[in-house]
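1. Okay, predicted coordinates and the sequence, questions at the end:
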Amino acid sequence: MAKKLKGDQVFTGQLLREGDVVYLTADGSWAPDLQNACVATNDQEIETLEGLANEGVLKNLVVDVYPFVVVRNEAGDLAPDHIREKLRTAGPSIVYS
Amino acid sequence: MYIYDDFDETFVRERAAQFRDQVERRLSGELSEEQFRPLRLMNGVYLQLHAYMLRVAVPYGTLSSKQLRQLAMIAKKYDKGYGHFTTRQNIQFNWPKLEDLPDILDDLADVGMHAIQTSGNCIRNVTSDQWAGVASDEVIDPRPYAELMRQWSSLHPEFSYLPRKFKIAITGADSDRAAIAFHDIGLQVMKNKTQEIGFRVFVGGGLGRTPMVGKVVRDFIGVEDLLPYLVAILRAYNLEGRRDNKYKARIKILVHEKGIEAFQARVEEIFEGLDKDSLRAQKGELERIEAFFTLPDYETLDDKPASLSKERAENSAFHAWVMRNVARHRQAGYAIVNISLKPHGGIPGDATDEQMDLVADLADAYSHGEIRVTHEQNLVLAHVRQDQLFELWQKLEAAGLGTANLGAITDMITCPGLDFCTLATARSIPIAQKISNKFSDIERQNEIGDMKIKISGCINACGHHHAGHIGILGLNKKGEEYYQITLGGSGAEDAAVGEILGPGFAADDVAGAIDTLVNRYIQLRTTADERFLDVVNRVGLEPFKEALYADH
Ligand code: SF4
């Protein structure tokens, strides 16, 4: 599934214990900040990241792991391409508590 | 209200203990996510966009003050200080951690609550009229039957793996406040010509991607045969409902594809073949349950006391609140108080832990310690003395709970949408907030009159948009949210599915479009009493289309 997405990709998941949204970093750990995510820019990198991501699943650190497309915004920061991931990264767009 | 017996108590405790063990085994890696997911879902635990979500069952929307206080405690201790009341009269917590959930379930069990059957392909929480027992137009109190069905449907061995989820709603009044025609089974408690109590049974109603108004499958079934008849319907569905396609698996599709006559014939055939005696409630059981639902000992009071008239005359905000939020009670001198959870610009259905605590205290002080949750995401105090309304209102008002908009344009049903929900295609809450802000003027709202706007963030229609006088459905086109508007839906006794007006609107344009529709309605109505829905039914969609799309 990963290879069908067009563009640079990062892997995301949610921490098993807490449920928090996290992103896969280059060393296979999971960070809450998208800016720490490791970006895959070609098929081989995607495959490598997918392997790392699945290790996180097997180690019961994360659940619901999948890749999504990111772009660089004007400031050079990583930003999701799709509205769903934008909201997932930024949190609810409303004042909720 | 109903109090758990030892059986329920033990069963809920056991389930909480089982879940604790399951969570431990998941966290230790003994269970994989695939193995664990169905177990957590059986206990109302979902994984949403940002966190786990726990959906707690509130049987037919009735809570004791003690239970509400416990929910407030859970919101504060384990969540972010609030809870979200849903269209199924339940409450959801949006931020619990998996590791805390066993403790939360124990805390719920302490007050006779749980999250069982709030997910999965089983019979879900039975919902009912929030004014049950006290409504002035009620024929029969539906709550004892709702409780009977709760007990019957809890962990029902035959109906725990249905083709799809199954929702039952029941009302005992002429005005349908429980949207029974949009449920898999809708029940109207009534009396027949010989004054025997029984039920009119609707089947195959539902929203989602294929909205359908329920059809009458039985005009009258006596009380004794309620459970056998439900068994017959569910058995027909369980055997013949589609399991090959999730989107065609609800009973509404079976009823539609088979045709109501053929479905009815099948149900009657099964019903006739049942050993009914073995399926009926045990002798005396209904009476035992009914004893829990006797009305409080009301005092003998004057209806419409002079003090109330004076307070209304002296305080226009209070008067406005009484006009909209207070409903007629069957007992002289009492009133039904509807607490709006739709503050202007707020999040529909949310209540903070402090608000929950306050409502629990107010229920103790003014309403026999009982609270009701409505499918329109508001709360109800069902037994308030009219001469205490002013005092109560002042306390509600001070806590942001005095919004005088019940049944008005800003009293919108709104699903969580893309701000929380993994299935969403667009946000719903910000749309509701924009509409709410646009129409925040109470005088304008009263000028518009009764209006039901309902918003869903995807085709699953948890926000009941098909049943809105104005329905709003959030969709996504090439990464952009946009919103389709329907007109003419109703979830009441005149149940109808709204019709799509035309091309959708960008998020920023929705509130303006609603304004245009409302202005057109005001031009078109013949009297101030002619509701928006009445006008749509009278003139059709064309004038509204013209108003909206003339410039496009
Ligand atoms: S209607 Fe869609 S977006 Fe809204 S709560 Fe239901 S599934 Fe989620």
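-> On my side now, so go ahead. Residues are numbered from 1 along each chain as shown, chains lettered A, B, ... in the order given.

2. Flag every residue of chain B that's near chain A.
-> Counting by CB under 8 Å from any CB of the partner chain, the residues of chain B close to chain A are B:26-29, B:33, B:47, B:49-52, B:80-82, B:94-99, B:347, B:350, B:352, B:418-420, B:424, B:426-427, B:429-430, B:433, B:476, B:479-481. To be clear about C-beta, it is placed using only N, CA and C from the backbone, and glycine gets the same treatment.

3. let's see it at 6 Å
-> Residues of chain B that fall close to chain A, judged by CB under 6 Å from any CB of the partner chain: B:29, B:33, B:49-52, B:80-82, B:97-99, B:418-419, B:429-430, B:479.

4. Could I get the phi/psi values of B:Ala187?
-> Rather than Ala, residue B:187 is Leu. With angles defined as degrees, to the nearest 10, B:Leu187 sits at phi -120, psi 130.

5. is it true that it touches B:Ile197?
-> No: using CB atoms under 6 Å, B:Leu187 is not in contact with B:Ile197; the gap is 11.9 Å.

6. Pick out whichever of the two has more residues nearby.
-> Using other CB atoms under 10 Å in any protein chain shown as the criterion, B:Leu187 and B:Ile197 rank with B:Leu187 on top: 29 against 16.

7. how much space between the more buried one and B:Lys283?
-> 22 Å (CB to CB, to the nearest Å).

8. Burial check on B:Gly222, number of neighbours?
-> Neighbours of B:Gly222 using other CB under 10 Å come to 12.

9. my hunch is that B:Asp8 is in a strand, does that hold up?
-> No: assigned with DSSP: H, G, I helix; E, B strand; the rest coil, B:Asp8 falls outside any strand and is helix.

10. and the residue in chain A positioned nearest to the ligand, how many neighbours does it have?
-> Nearest residue of chain A to the ligand (CB to the nearest ligand atom) works out as A:Arg84 at 10.9 Å. Neighbours of A:Arg84 under the rule other CB under 10 Å: 18.

11. Count residues in the vicinity of the closest residue in space to it that isn't next to it in sequence, would you?
-> Leaving out its chain neighbours, the residue that sits closest to A:Arg84 by CB to CB, 6 or more residues apart in numbering or on different chains is B:Leu418, at 6.5 Å. B:Leu418 has 28 neighbours, counted by other CB under 10 Å.

12. wait, B:Leu418 sits on B:Ile429?
-> No: B:Leu418 is not in contact with B:Ile429 according to CB under 6 Å; the separation is 8.9 Å.

13. which residues does the residue in the stretch 201-350 of chain B that chain A sits nearest to contact?
-> Nearest residue of the stretch 201-350 of chain B to chain A: B:Ile347, at 6.2 Å (CB to the nearest CB). By CB atoms under 6 Å, 6 or more residues apart in numbering or on different chains, the contact set of B:Ile347 is B:Ile429.

14. now it: how far from B:Val518?
-> From B:Ile347 to B:Val518 the distance is 22 Å (CB to CB).

15. tell me the contacts of residue 39?
-> Just going to use chain A. Contacts of A:Val39 (CB under 6 Å, 6+ apart): A:8, A:10.

16. um, chain B though
-> Going by CB under 6 Å, 6+ apart, B:Leu39 touches B:Gln22.

17. Does it belong to a helix, a strand or coil?
-> Quick answer, by three-state DSSP: B:Leu39 is helix.

18. Could you tell me the model confidence score at it?
-> pLDDT, B:Leu39: 94.

19. Could you check how far it is from B:Val45?
-> 9 Å.

20. Kindly report the same for B:Phe159.
-> Taking CB to CB, one finds B:Phe159 at 21 Å from B:Val45.

21. Settle it for me: which of these two has more neighbours?
-> Neighbour totals were compared for B:Phe159 and B:Val45, and B:Val45 leads with 26 against 19 (other CB under 10 Å).

22. and the more buried one, what are its bridge partners?
-> B:Leu54 (DSSP bridges).

23. quick one: the helices in the stretch 451-552 of chain B?
-> B:510-524, B:532-539, B:542-549 (DSSP state H, counting those that start in this stretch).

24. Of these, which is nearest B:Arg444?
-> Nearest of these to B:Arg444, taken as CB to CB: helix B:510-524 at 8.9 Å.

25. Please name every helix or strand in contact with the closest one.
-> Applying 3 or more CB pairs under 6 Å, 6 or more residues apart in numbering or on different chains; DSSP states H and E, we find helix B:510-524 packed against helix B:429-438, helix B:532-539, helix B:542-549.

26. Contacts for that helix next, please.
-> Under CB under 6 Å, 6+ apart, the answer for helix B:510-524 is B:431, B:434-435, B:438, B:448, B:483, B:505, B:532, B:535, B:539, B:544, B:547-548.

27. Just the buried residues from those, in ChimeraX please.
-> Only the buried members of those end up in this ChimeraX selection, burial being decided by 16 or more other CB atoms under 10 Å in any protein chain shown:
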select /B:431,434,435,438,448,483,505,532,535,544,547,548
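
28. Nearest to B:Val217, out of the contacts of helix B:510-524: which one, please.
-> Once CB to CB is applied, the member of these that ends up nearest B:Val217 is B:Phe532, at 31.5 Å.

29. what does chain A have sitting close to chain B?
-> A:17-19, A:21, A:60, A:63, A:82-83, A:87-88, A:92-94, A:97.

30. In strands, which of the residues you listed appear?
-> Of the residues of chain A next to chain B, the ones assigned to strands by DSSP state E are A:21, A:63.

31. Would you check which pair of the residues of chain A next to chain B lies furthest apart?
-> Going by CB to CB, the pair spanning those furthest: A:Asn60 and A:Ile94, at 32.4 Å.

32. Pass me the low-pLDDT residue ranges in chain A, would you?
-> Along chain A, the model assigns pLDDT under 70 to residues A:1-4.

33. Skip the chain neighbours and tell me the closest residue to B:Met53.
-> Per CB to CB, 6+ apart, closest to B:Met53 is B:Tyr46, 4.5 Å.

34. mind checking pLDDT for that neighbour?
-> B:Tyr46 is given a pLDDT of 97.

35. can you check B:Phe182 too?
-> For B:Phe182, pLDDT reads 98.

36. Over to B:Gly346?
-> For B:Gly346, pLDDT reads 97.

37. What count of nearby residues applies to it?
-> Neighbour count of B:Gly346, defined by other CB under 10 Å: 21.

38. in the biggest helix by length in chain A, what's buried?
-> Looking across chain A with DSSP state H, the single longest helix is helix A:43-58. For helix A:43-58, burial by neighbour count (16+ other CB under 10 Å) applies to A:46, A:49-50, A:52-53, A:56-57.

39. now A:Leu65, nearest residue through space, not along the chain?
-> Not quite, residue A:65 is Val, not Leu. Nearest non-adjacent residue to A:Val65 (CB to CB, 6+ apart): A:Gly13, at 3.9 Å.

40. Three-state assignment for the one you found, please.
-> Applying three-state DSSP: A:Gly13 is strand.

41. Can you report how many residues lie near it?
-> There are 20 residues near A:Gly13, going by other CB under 10 Å.

42. and if you look at the one 5 residues further on?
-> Residues lying near A:Glu18 (other CB under 10 Å) number 17.

43. now do B:Arg200
-> 17.

44. ditto for B:Lys77
-> 13.

45. after the strand or helix carrying it, next one along is what?
-> Assigned by DSSP states H and E, B:Lys77 belongs to helix B:65-78. Note on helix B:65-78: by DSSP H and E, the next helix or strand toward the C-terminus is strand B:82-85.

46. Parallel or antiparallel, list what pairs with the helix or strand that that next one is followed by.
-> Counting by DSSP H and E, the next helix or strand C-terminal to strand B:82-85 is strand B:91-93. Strands that pair with strand B:91-93, judged by DSSP bridges, come out as strand B:52-56 (antiparallel), strand B:82-85 (antiparallel).
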